[in-house]
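> the amino acid sequence is not available; the structure is as follows:
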């Protein structure tokens, strides 16, 4: 029995002019989104697809109007996309596609047989001499989104554990979900070194998604492009045209028709990052496109908009569409294996960013943009844009010193305060990471209410390295009574060989018991490494934010006086000098976990004011407290 079903969509002014069986029909029915529906589009049953059939397809080659080209059906591959998910194989015909081949950006181009929609062009053969493409059946695209659970505010994620070293780091690594960009091979996958390795080109792969960067330099693309390319995204430096921060455009009967360009924005404003593809099917306010995953994020929340094409650039490796983002008309809601799904009229949640850069030549520059709210992508976007802002006005290589300060505003929680000073040959990378790390911690914390309202960043850069090392430590008294003061002297030497002394006044608390105590002086990173609390699981967003703000800074010295005694760390709270009975209770098998025993209990700690140089290193001495 033939599996036919009808679905309504908007095809005003009949986009399908030239398709056999298409007619200009009008209806007065209204969707909930106040978008009128014209024309009933019938789907062509997959079981009726036969080799040799002639089909047509549409995509935009230049401008905003879609153009028709031919498709010759070669056959159907069962289980190609996945279990019970076949794919149609076709050869594209026509002057345009013969010139470009299957190109990045045509993903989602609708394919019609006898005027009935059969699927979306979505796969290609890398390095193929002919424009042979894989077509995702339209029923597979629709079914996966009807089965997908709606996006919910109540996440099933549990709060995860953090380490102080992780929160203090400026070295952030992306953690994008892996996608099946290697494609579905006709040959079995082979191991490295196998004689079959040269044949790996004989496989279908999802058509790459061109991600147009506006305001991003080629140097920045070189730094970060591989992190996106390995997830099926083709970075393209735009010749112009950014996605502006503008109000949402109201959709009408001509918005995002099948065959038209659709863009998905990751960032808008002074920095613009937008992926381009083609609309497959519109059903009222529902948009189906691409025919394969974008980043395979599952539930998503990104601006979806119109787009125009500057040109399709023929390329021996992979031709691509150079597009310009247009007005936002809705949001991308789902990103799954057989396509993306969006809703017209839905407003996505974005994170506003203000980035102020003060150059070494005393020239201020302000960038305002917004990025998507996503635990995987938001930190990467901040990494890219902050790095680009620094290298666009300062040196990207060589010694430099960068001060980074700012705030991350979190809903119903304290501000996350950022204060970092980096002096190194890769200072721009570390400065960008100092913003990405706390952002990633918040968005991946597992708390539903960890909502970032906005981010404000201030960056000041100077040429040259201002670093020094802590060489030795001295104290003016070997014995001291409880309540008395004494002085430590930290001897520091700069990279240029200049030595200076930083005097540190210290005081033993009046209730300190007699005994031997350790006097520790070192940079924040070194002190963090020896801290007894290596990891913790925050109970609330407030606790996580407060802990981030308490993380010791690597650009200054700290002094700490500790004694050898029994204590414990419960969560992020340190409890020194505990009686044996309390320790026995905490260590009981029936006790709730989360207790870390300690042997060093601090009685005094002080953060020293930042010096001219960024001091690193650590030194330890002992002092005797007497009666």
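Arrived safely. Everything quoted here is computed from the prediction, not taken from an experiment. Numbers count the residues shown, from 1 in each chain.
> model confidence over stretch 350-360, on average?
Averaged across stretch 350-360, pLDDT comes to 90.
> sorry, that was for stretch 618-627
Stretch 618-627 comes out at a mean pLDDT of 89.
> same question for stretch 427-434.
Mean per-residue pLDDT for stretch 427-434: 88.
> what does that stretch contact?
169-172, 223, 382-384, 386-387, 390-391, 394, 396, 399-402, 404, 418, 420, 422, 424, 459, 461 (CB atoms under 8 Å, 6 or more residues apart in numbering). For every residue, glycine as well, the C-beta is placed using N, CA and C.
> so of those, which ones are in helices?
223, 382, 383, 384, 386, 387, 390, 391 (DSSP state H).
> report the two of the residues you listed separated the most.
Spatial extent of the ones in helices among the contacts of stretch 427-434 (CB to CB) is set by the pair 382 and 391 at 14.7 Å.
> these two: which is more packed in?
residue 382 (25 against 19; other CB atoms under 10 Å).
> picking up where we left off before, closest to residue 110 out of the ones in helices among the contacts of stretch 427-434?
Closest to residue 110, out of all of those and judged by CB to CB, is residue 384, at 32.9 Å.
> ok, which stretches of the stretch 401-550 of the chain are strands?
Along the stretch 401-550 of the chain, the segments classed as strands by DSSP state E, counting those that start in this stretch run 416-424, 452-463, 467-475, 479-481, 485-494, 499-507, 515-523, 535-536.
> give the other helices and strands that the longest one contacts.
For strand 452-463, the contact count by 3 or more CB pairs under 8 Å, 6 or more residues apart in numbering; DSSP states H and E identifies strand 350-358, helix 377-393, strand 400-410, helix 427-443 as packing neighbours.
> in a markdown table: the ones you listed, plus distance to residue 80.
Formatted as a markdown table, these follow (distance: least, CB to CB, whole Å):
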| stretch | distance to residue 80 |
| --- | --- |
| strand 350-358 | 37 |
| helix 377-393 | 29 |
| strand 400-410 | 44 |
| helix 427-443 | 35 |
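> closest one to residue 84 among the ones you listed?
helix 377-393 (30.7 Å).
> that closest one to strand 400-410, inter-axis angle?
Angle of helix 377-393 versus strand 400-410, following axes from the mean of the first three to the mean of the last three CA atoms, to 10 degrees, is 150 degrees.
> in the stretch 301-450 of the chain, where is pLDDT below threshold?
For the stretch 301-450 of the chain, applying pLDDT under 70 flags the ranges 360, 394-398.
> isn't residue 489 up against residue 471?
No. Taking CB atoms under 8 Å as the definition, residue 489 is not a contact partner of residue 471, at 11.2 Å.
> map the structural domains onto the sequence of this protein.
Per automatic domain parsing, the domain ranges recorded for the chain read 1-156+174-185+200-217+233-347, 351-463, 467-626.
> of the ones you listed, which is nearest residue 165?
The nearest among those, by CB to CB, is domain 467-626 at 5.8 Å.
> quick one: end-to-end distance for the closest one.
38 Å (CA to CA, to the nearest Å).
> what's the spacing between the residue nearest the centre of the chain and residue 366?
To find the centre residue of the chain, average its C-alpha atoms and take the closest one (CA atoms, centre = their mean): that gives residue 377, at 1.2 Å. Between residue 377 and residue 366 the distance is 24 Å, computed by CB to CB, to the nearest Å.
> ok, now residue 67?
Using CB to CB, residue 67 is found at 42 Å from residue 366.
> so for those two, which residue has more residues nearby?
More crowded of residue 67 and residue 366, by other CB under 10 Å: residue 67, with 16 against 11.
> test my guess that the more buried one contacts residue 56.
No. Using CB under 8 Å, residue 67 is not in contact with residue 56; the gap is 10.7 Å.
> avg pLDDT for stretch 276-289?
Rounded mean pLDDT across stretch 276-289 is 94.
> kindly report the same for stretch 122-137.
Rounded mean pLDDT across stretch 122-137 is 87.
> quick check: end-to-end length of that stretch?
10 Å.
> in that stretch, which residues are buried?
Neighbour-count burial for stretch 122-137 flags 122, 123, 124, 125, 131, 132, 133, 134, 135, 136, 137 (criterion: 16 or more other CB atoms under 10 Å).
> got it, and stretch 247-258?
For stretch 247-258, by 16+ other CB under 10 Å, it's 248, 249, 251, 253, 255, 256, 257, 258.
> how about the secondary structure of residue 106?
Classification of residue 106 using DSSP: H, G, I helix; E, B strand; the rest coil returns coil.
> could you check how far the residue nearest to residue 406 when sequence neighbours are not counted is from residue 366?
Spatial nearest neighbour of residue 406, chain neighbours left out: residue 457 (4.0 Å); criterion: CB to CB, 6 or more residues apart in numbering. Counting by CB to CB, the separation of residue 457 from residue 366 is 10 Å.
> what touches both of the two?
Shared contacts of residue 457 and residue 366, counting by CB under 8 Å, 6+ apart, come down to 354, 355, 356.
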